[in-house]
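S.K.: fold the following and give me the result.
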Amino acid sequence: MPAQRTDRWAVRARERHAAVHALLNDGLGIKEICRRLELARGTVRRFARAATVEELLTRGRRRSLLEEFKPYLHERWNAGCTNANTLFTEITARGYQGGPTLVRDYLHQFRTVTRIPQPPRKPPSVRRVAGWIMTKPANLDPADQTRLDAILAASPSLTALAGYVRGFARMMCSRHGQHLEQWMSAVEADDLPALRSFVKGLRRDQDAVTAGLTLPWNSGVVEGHVNRIKMLKRQMFGRAKPDLLRKRVLLTH
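M.R.: Just a heads-up that it's a prediction; the model follows:
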């Protein structure tokens, strides 16, 4: 990509990133941001998930030969070693395969500071936080628990959501279906639209859900057989008739 075209894209990316995050800070949702900025949903989500625009600008670029040695350079610089040639010799002994010019150019930006600040820690993804909430607290890694506690402390609504999710998990694992009505009523009285939608679905077949959360039986075996038959069918799709499928199902039982 030509340099001029790349620069234009970088400027536009910075403007869009700033606009998207400004609207997010105002409390707007993805749909409304798409409408206001006239951008596709995927584009808005990509900019919203990037904590800094540099994440988008550097994505897909070739990894620098110096990248894996930067933490060591930072550590040595902060310890008082600011000689580029010395640092080049040290990282070469550690496996660096580039030249000294790359090292000098990288360190030049720190000549006006006495200490290189630690880069901000990348925030965990939405999927990872959801996984932490869905995991039994006793099985959660202590470091992950600490990060989750910090996130929950900053968001009362997320704290409430996590409490309901774990309450439902306890009810399901201990088969206390008699508490389902109490749990659903508490959710409906709270301001959590996503869980309200979930409760609405539960109420459509509440008797069956209560039985599923109370009785020791389940359809796991049946679902396993169904999945096995579907797998056999996919393997034979377009290459055999039902009579052969029947034989395979019976012979692999």
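S.K.: grab the nearest non-local neighbour of Leu158.
M.R.: Leu152 (5.8 Å; C-beta to C-beta, 6 or more residues apart in numbering). Backbone N, C-alpha and C define where each C-beta goes, glycine included.
S.K.: now do Val20
M.R.: In space, not counting the residues next to it along the chain, Val20 is nearest to Phe47; the distance is 4.3 Å by C-beta to C-beta, 6+ apart.
S.K.: what's near enough to touch the one you found?
M.R.: Residues touching Phe47, when contacts are defined by C-beta atoms under 8 Å, 6 or more residues apart in numbering, comprise Ala13, Arg16, His17, Val20, His21, Leu56.
S.K.: 7 Å - rerun?
M.R.: Arg16, His17, Val20 (C-beta atoms under 7 Å, 6 or more residues apart in numbering).
S.K.: about what we covered before: surely the residue nearest to Leu158 is in contact with Ala162?
M.R.: Yes: with the criterion set as C-beta atoms under 7 Å, Leu152 and Ala162 qualify as a contacting pair; they are 6.1 Å apart.
S.K.: elements contacting the particular helix or strand that has Ala211 in it?
M.R.: Using DSSP states H and E, the secondary-structure element containing Ala211 is helix 206-214. Identification of packing neighbours for helix 206-214 by 3 or more C-beta pairs under 7 Å, 6 or more residues apart in numbering; DSSP states H and E yields helix 180-189.
S.K.: how about the CA coordinates for the helix it packs on, as PDB?
M.R.: Output in PDB follows, covering the C-alpha atoms of helix 180-189 (Å, rounded to 0.1, in the frame of the first residue of the first chain):
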ATOM      1  CA  LEU A 180     -36.500 -21.000  40.300                       C
ATOM      2  CA  GLU A 181     -39.500 -18.800  40.800                       C
ATOM      3  CA  GLN A 182     -37.800 -16.800  43.500                       C
ATOM      4  CA  TRP A 183     -34.700 -16.300  41.200                       C
ATOM      5  CA  MET A 184     -36.900 -15.200  38.200                       C
ATOM      6  CA  SER A 185     -38.900 -12.800  40.300                       C
ATOM      7  CA  ALA A 186     -35.600 -11.200  41.600                       C
ATOM      8  CA  VAL A 187     -34.300 -10.800  38.000                       C
ATOM      9  CA  GLU A 188     -37.600  -9.300  36.800                       C
ATOM     10  CA  ALA A 189     -37.400  -6.700  39.600                       C
END
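S.K.: buried residues in it?
M.R.: In terms of neighbour count (16 or more other C-beta atoms under 10 Å), helix 180-189 has its buried residues at Leu180, Trp183, Met184, Val187.
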